[in-house]
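Engineer: missing the sequence, but the structure's below:
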């Protein structure tokens, strides 16, 4: 179906809706970190934008022959910023003070129109551990009929 009428929440570092491959695909989202790099900074929304492109990129240029064509180019992206880029100077602060952002983001996405929740993120720090709040949020999303997709790593 190419994703028509499907909204995919991308819980990540944010999504740059002005990226040529994503113009018109990105809905207003939510920033649950609230600090760190912002729009236009070199360490803002790189990973989240890349994930959104893989999901819903439509290409760019004449006849959309340039750029990235995602797996569901007619899907809409609902960006939810729950982590910061690895090179963001505020990342350590976010790890210490925004530990519940992922669980909050899953619930927010579930309550704000997501059909699919994408979790292509990870944390290699000592703070990474199973979290009952995140498990509960995922169960909440599943109970609403939302598909939750998580990456298995890059290695």
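Structural biologist: Perfect, I can see it now. None of these values were measured; they are calculated from a predicted model.

Engineer: contacts, neighbours, all on C-alpha from now
Structural biologist: Fine.

Engineer: which residues make contact with the strand or helix carrying residue 107 from outside it?
Structural biologist: Secondary structure assignment for residue 107, by DSSP states H and E: helix 101-111. Applying Cα atoms under 8 Å, 6 or more residues apart in numbering, the contact partners of helix 101-111 are 9, 11, 32-33, 78, 80-83, 117, 133-138, 140-141, 144, 146.

Engineer: gap between that helix and the chain center?
Structural biologist: From the chain centre to the centre of helix 101-111 is a distance of 11 Å (Cα atoms, centre = their mean, to the nearest Å).

Engineer: what is the neighbour count of the closest residue in space to residue 113 that isn't next to it in sequence?
Structural biologist: Leaving aside its chain neighbours, residue 113 sits nearest to residue 7 (6.8 Å; criterion: Cα to Cα, 6 or more residues apart in numbering). For residue 7, the tally of surrounding residues (other Cα atoms under 10 Å) stands at 23.

Engineer: narrow the contacts of helix 101-111 to just the buried residues.
Structural biologist: Neighbour-count burial (16 or more other Cα atoms under 10 Å) applied to the contacts of helix 101-111 gives 9, 11, 32-33, 78, 80-83, 117, 134, 137-138, 140-141, 146.
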